[in-house]
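Trainee: sharing a sequence plus its predicted fold:
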There are 2 protein chains.
Amino acid sequence: MVAAPASVDTLCVNSIRMLAVDATNKSRSGHPGLPMGAAPMGYALWDKFLRHNPKNPRWFNRDRFVLSAGHGCMLLYALLHLSGYDSVSLDDIKSFRQWGSRTPGHPETFETPGVEVTAGPLGAGISNAVGLAIAEAHLASRFNKPDCELVDHHTYVIMGDGCHQEGVSSEAASLAGHLGLGKLIALYDDNHITIDGKTDLSFSEDVLKRYEAYGWHVLHVEDGNTDVDGIARAIAAAKAVIDKPSLIKVTTTIGYGSPNKADTAGVHGAPLGEAEGSLTRESLGWSYGPFEVPQASYDHFRKAIERGAAAEAEWNAGLDRYSASYPAEAAVFKRMLRGELPEGWDRDLPSYSADDAGQATRKHSQLCLAALGPNLPDLIGGSADLTHSNYTDIKGETGSFQKHSREKRYLHFGVREHAMAAILNGIAYHDSGLIPYGGTFLVFADYMRGSMRLSALSRLGVIYVLTHDSIGVGEDGPTHQPIETLSSLRAMPNMLVIRPGDGNETSGAYRVAINNRNRPTVLALSRQGMANQAGSAADNVALGGYILEDCDGTPELILIGTGSELDLCVQAARALSAEGHRLRVVSMPCVELFAEQAVDYRESVLPAAVGRRLVVEAASDFGWHRYIGLEGDSVTMDGFGASAPGGVCMEKFGFTVENVTAKARALLG
Amino acid sequence: MVAAPASVDTLCVNSIRMLAVDATNKSRSGHPGLPMGAAPMGYALWDKFLRHNPKNPRWFNRDRFVLSAGHGCMLLYALLHLSGYDSVSLDDIKSFRQWGSRTPGHPETFETPGVEVTAGPLGAGISNAVGLAIAEAHLASRFNKPDCELVDHHTYVIMGDGCHQEGVSSEAASLAGHLGLGKLIALYDDNHITIDGKTDLSFSEDVLKRYEAYGWHVLHVEDGNTDVDGIARAIAAAKAVIDKPSLIKVTTTIGYGSPNKADTAGVHGAPLGEAEGSLTRESLGWSYGPFEVPQASYDHFRKAIERGAAAEAEWNAGLDRYSASYPAEAAVFKRMLRGELPEGWDRDLPSYSADDAGQATRKHSQLCLAALGPNLPDLIGGSADLTHSNYTDIKGETGSFQKHSREKRYLHFGVREHAMAAILNGIAYHDSGLIPYGGTFLVFADYMRGSMRLSALSRLGVIYVLTHDSIGVGEDGPTHQPIETLSSLRAMPNMLVIRPGDGNETSGAYRVAINNRNRPTVLALSRQGMANQAGSAADNVALGGYILEDCDGTPELILIGTGSELDLCVQAARALSAEGHRLRVVSMPCVELFAEQAVDYRESVLPAAVGRRLVVEAASDFGWHRYIGLEGDSVTMDGFGASAPGGVCMEKFGFTVENVTAKARALLG
């Protein structure tokens, strides 16, 4: 059978569709519907607009493409493969969703070069894209010169109905509109179907009007199934509006081409099956076999390789000219792209002796940021509307990143924790050396946990500055007092949780966090003051836990403390030592790092033979039994807190030297 | 000094303002700004519209008032006190934010009768209000008769800029618009100030236009500082629109009355201080001392007592007539209001023997819902767009709660997990016997954790049906595979996490969850099938953990398993028993309930003398060391999962009989 004559556009669009049909049929799993409906917009964008280099997926100045509707990943894999990326071969597509493949069930940056953000949890991708666009705008403002636009790319997104329903996208879109991020262009695959059925079961708002209210430029393409030119015209119109982000609603039919399943929820998350696959081939006039891509389609798509090589070469030549004219700026720019920290970045981090007045660790954190500010231009961050509580400002710097001050590096996220985390991830995904940080109260980690998990999964060096880390919060009461938050974050793979116990440990925590460019860090910081310890050392934070004060010989009991409770351990140990007991105090600012130390070191700090151990932390004991064991005990919280002055809360809940001493004495028998 | 003559309206409004000033000054902590700006709308609403009975805060048919901007709680405490609630005396206000007081730093339902929802985490209150309005509309549809409107009240909200910035409110407002909840009326305190400063730092969207896009009726009162009549007219206009929720933007000045601090972030979250307090008195023409309320103000406000008593009496008379005319419906209604479950509600919950074919626990859950459906009319719930994955439908019932089918009890939340949880909380806060449940994938608990925490803190019997509970999810990959989610939820105070290991345990899990009307429950359910166990029993779930299979004499080793890994323990134990070892298998579907059992029982299940323990769960080991101890081991996950068929994931990550047996053998030495 000979295929009906088709334009090259149609051939390319149907190549995407049929790869999605074939891959999901072969894996008996996956989501063919979105790629089939969104193939025209994917094709129009990638073929006619996207500036990228398939042979160098990490070329800095590429346009970023985000598939926010990550379940439709066969769209992205098809585009990567057809455009000539080495990361996705036809064999990779044939092993879609199989163990060890580079084509997992949702796109993952760490598996597949060319994937810009890990997607799947809905709403995250569009919110990451806001971060990507912020990174571009900020770097452009810092590095571009009248004679050289070193940084100049768009951020494109394809998002679905689900992305629009998730609150995180509302937060991020509102901020993007406020910031006027004109180089952010999102295509909305308006296919009116989600898993439960027609969107009119739960979603009947006017999305374009909503985005207009946010300050976006909005457009509508009525026939997204076939009108490639119309989509291209809309993207061109969006590019022409440079002071507002654009949302292009592209109305499509999910599963377009499938005679019996198109426009139903049945094609959203399940393969068509062999029979419907054949009918779809017929319906689309597709004479090729499974996984067979017509050469004409490859030939057309892979012009991207030549275009990309030329674009990168041109940019490299520009970079050479830039380096000659602006050697200092070029040196910084190149260093950042290499992912290296500047020399001496940590030289001004403060250190303390026990004689220095005690302060809150949130205050120490502010001093660290002040010390890092001038030496680490890579830092960029802010707070979810708690700047003067989190102390996330960089002393000496004024103003923030706004429509007309892109060079500023302070970010006012508004009361939008979830978008903040997603935007920080986006800045990290930009992979241009920026070190993103963001603050809120520790308890509100719960609001942004979805994106914190993606920081950890995608190995992003985001720094979360989370203050008010216990019942020490005081008057704001139990809604604002974290109890289980530390545990819940410590449970997360690849997330470092550091709760420093004084000034030196706070400096050490920043050193660890800044050095960790492939791993997110939570800094859990107190509202209230605490003493500086004679035995503390910044460098010891990297060990996770260490002996802060010790006795002669084998200790009878080990006190393990973190953060504001460390000093209770020290004082209790002194009281009991005065009675002739042998006590050791272990400071454990980071449980995860301690667990990663060699067994000998851990044994030297917490000898197995010493079963009498008392953990003191104004939080849940959940997770501490790894060190408490079956014989130890803890002074921790077993319920929610209460509204009262912080000192009163600490006392009423038993975080006093007297109570710690009494519990230790009970263990000593 | 004699006060300038003031209208009673002004006197009442300023009474609120000055109580907020005095209480925050005395406690040296708190948020005076919002109460000072929003006092007129609070007064207009409570004095002219709110139908409530101060002497019976739990009168069923009262209007619900939600202060979504919970930090402004002195507004609410002042209104409760001035209106004559016994729960808030002047002494209570004087002990604002102190240990043991009934006036905590944010409103908490369990501390203060008259507080309808626990607020503080922004965006939660308005989202709870959507749940309150759903509960009202549903019950009205079920119980009202042409001659008796038994259920008929409004839900009013005061919310601030921060509430609008949080994504959860966007999700909930979009759904409220879709559902056309006409008896939901929100007043938006538009004071353009958040903690960081002017809202134009990060928030410049057109909120009313956005709400119009959601399908809301919107209004604007330009002078919210003094125009009590204008506010009242707007509320009346909002009440007249019965097919859409209403948002009334009321433009105000934060800290109105304070000469030097009004309209600044400084008055948002800090007391005025004595000096500025005095200047504010002058500026408002307030001649009364601290905590002094003019009698005329009390006299006017407390007419609410008489109005409330009359309203309740009238309603009670109506209920009597209703009971006479519709005794069957009245019996159900009264039972629900008493918070009692119907007799025999659990009689059809299925039970199984080991010969019954194994199934996924999500499937068992669906069978439980089918069995509960006809016997438990109190159930109401749905899914965040995963109905056919979570199996949250009630078999035999069709249709869902929509604009024109309020009597239905299935809720299509859309892809809005956070709003779902907040709405479930709202239904529970309605306190009318409805038992709310909602489903999504377990991993997406992260999206709604903020509201799950409020379920736990506020002691709400919400049931979370969370399926796809491990790497057994398979192809969807690590973004969809929970690893640390179980641990993170187990860490939360007052939250029950039940992971049943077969059909009987799933029935038992529902029995526990339904009985727990003051405590939320997570049901963690598998995607994949598992065997039914010979030793399992529904009633044992209430014990948290129990001996599933045992040996003669003291066991050498105890295997502890949950969910889909329970059968691996059973099979490994059998293999090792055949070699002559003495093994016990403990099923531990609910760690929290086990921890609550008497020490003797726990010792009988897990004798301290048996240190060789092996925990098997396809999730993080975080938190399990309480039972593993220092000598035991585990077969658990120490990183994220992978995209591959579920069975392959289980095998590759070591969840096989062979690996469990080998690990056990290694412990046996």
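Mentor: Okay, I see it. Numbers count the residues shown, from 1 in each chain, chains lettered A, B, ... in the order given.
Trainee: from here on, just use CA atoms for contacts and neighbour counts.
Mentor: Will do.
Trainee: helix/strand/coil for the residue most central in space within chain A?
Mentor: Chain A has A:Asn425 as the residue nearest its centroid, 2.9 Å off, counting by Cα atoms, centre = their mean. Going by DSSP: H, G, I helix; E, B strand; the rest coil, the secondary structure assigned to A:Asn425 is helix.
Trainee: surely it touches A:Asn128?
Mentor: Yes: counting by Cα atoms under 8 Å, A:Asn425 touches A:Asn128, with 6.1 Å between them.
Trainee: and the pLDDT at A:Glu631?
Mentor: Looking at A:Glu631, its pLDDT reads 88.
Trainee: go on, A:Met1?
Mentor: For A:Met1, the model assigns a pLDDT of 41.
Trainee: state the distance from A:Glu171 to chain B.
Mentor: Look at A:Glu171 and chain B: by Cα to the nearest Cα, to the nearest Å, they are 5 Å apart.
Trainee: what do you get for A:Pro294?
Mentor: Here A:Pro294 is placed at a distance of 29 Å from chain B (Cα to the nearest Cα).
Trainee: quick one: residues contacting that residue.
Mentor: A:Leu11, A:Ser15, A:Tyr288 (Cα atoms under 8 Å, 6 or more residues apart in numbering or on different chains).
Trainee: does chain B have contacts with stretch A:412-419?
Mentor: Yes: applying Cα under 8 Å from any Cα of the partner chain, one finds that stretch A:412-419 is in contact with chain B at A:His412, A:Phe413, A:Gly414, A:Val415, A:Arg416, A:Glu417, A:His418.
Trainee: just these: which are in strands?
Mentor: Counting by DSSP state E, the residues of stretch A:412-419 next to chain B place A:His412 in strands.
Trainee: got the contact list for the closest residue to chain B within the stretch 451-600 of chain A?
Mentor: Going by Cα to the nearest Cα, chain B is nearest to A:Ser488 of the stretch 451-600 of chain A, at 4.1 Å. By Cα under 8 Å, 6+ apart, the residues touching A:Ser488 are B:Glu484, B:Ser487, B:Ser488, B:Leu489, B:Ala491.
Trainee: now list the buried members of the contacts of A:Pro294.
Mentor: A:Leu11, A:Ser15 (16 or more other Cα atoms under 10 Å in any protein chain shown).
Trainee: where do the strands sit along the stretch 451-600 of chain A?
Mentor: A:463-467, A:496-498, A:521-525, A:529-530, A:546-549, A:557-561, A:583-587 (DSSP state E, counting those that start in this stretch).
Trainee: kindly reformat these as CSV and extend each row with distance to chain B, mean pLDDT and mean neighbour count.
Mentor: Output for those, formatted as CSV (distance: least, Cα to the nearest Cα, whole Å; pLDDT from 0 to 100; neighbours: other Cα atoms under 10 Å in any protein chain shown):
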stretch, distance to chain B, mean pLDDT, mean neighbour count
strand A:463-467, 15, 98, 26
strand A:496-498, 13, 98, 27
strand A:521-525, 16, 98, 28
strand A:529-530, 17, 98, 19
strand A:546-549, 19, 98, 21
strand A:557-561, 15, 98, 27
strand A:583-587, 18, 98, 28
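Trainee: will you turn these into TSV that also has distance to A:Val332?
Mentor: Output for those, formatted as TSV (distance: least, Cα to Cα, whole Å):
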stretch	distance to A:Val332
strand A:463-467	22
strand A:496-498	28
strand A:521-525	25
strand A:529-530	38
strand A:546-549	37
strand A:557-561	41
strand A:583-587	38
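Trainee: out of these, which comes closest to B:Ala133?
Mentor: When the strands of the stretch 451-600 of chain A are compared by Cα to Cα, strand A:463-467 sits nearest B:Ala133, at 34.7 Å.
Trainee: relative to strand A:521-525, how tilted is that closest one?
Mentor: Angle of strand A:463-467 versus strand A:521-525, following axes from the mean of the first three to the mean of the last three Cα atoms, to 10 degrees, is 20 degrees.
Trainee: helices or strands next to strand A:463-467 in the packing?
Mentor: helix A:387-390, strand A:435-441, strand A:521-525 (3 or more Cα pairs under 8 Å, 6 or more residues apart in numbering or on different chains; DSSP states H and E).
Trainee: may I have the strands that pair with the second one, each with its orientation?
Mentor: For strand A:435-441, the pairing partners within the sheet under DSSP bridges are strand A:379-383 (parallel), strand A:463-467 (parallel).
Trainee: right, and the ones you listed - which one's nearest B:Glu222?
Mentor: strand A:379-383 (30.7 Å).
Trainee: chain center to the closest one: distance?
Mentor: 14 Å (Cα atoms, centre = their mean, to the nearest Å).
Trainee: which residues make contact with it from outside it?
Mentor: A:373, A:390, A:392-393, A:409-414, A:420, A:424, A:434-440.
Trainee: got it, and stretch A:62-69?
Mentor: Under Cα under 8 Å, 6+ apart, the answer for stretch A:62-69 is A:50-53, A:73, A:76, A:115-117, A:119-120, A:122-126, A:129, A:132, A:153-160, A:162-163.
Trainee: just the residues you listed: which are in strands?
Mentor: A:Thr155, A:Tyr156, A:Val157, A:Ile158, A:Met159, A:Gly160.
Trainee: now those as JSON lines including neighbour count and distance to chain B?
Mentor: Output for the ones in strands among the contacts of stretch A:62-69, formatted as JSON lines (neighbours: other Cα atoms under 10 Å in any protein chain shown; distance: Cα to the nearest Cα, whole Å):
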{"residue": "A:Thr155", "neighbour count": "25", "distance to chain B": "21"}
{"residue": "A:Tyr156", "neighbour count": "27", "distance to chain B": "22"}
{"residue": "A:Val157", "neighbour count": "26", "distance to chain B": "19"}
{"residue": "A:Ile158", "neighbour count": "26", "distance to chain B": "17"}
{"residue": "A:Met159", "neighbour count": "27", "distance to chain B": "13"}
{"residue": "A:Gly160", "neighbour count": "28", "distance to chain B": "11"}
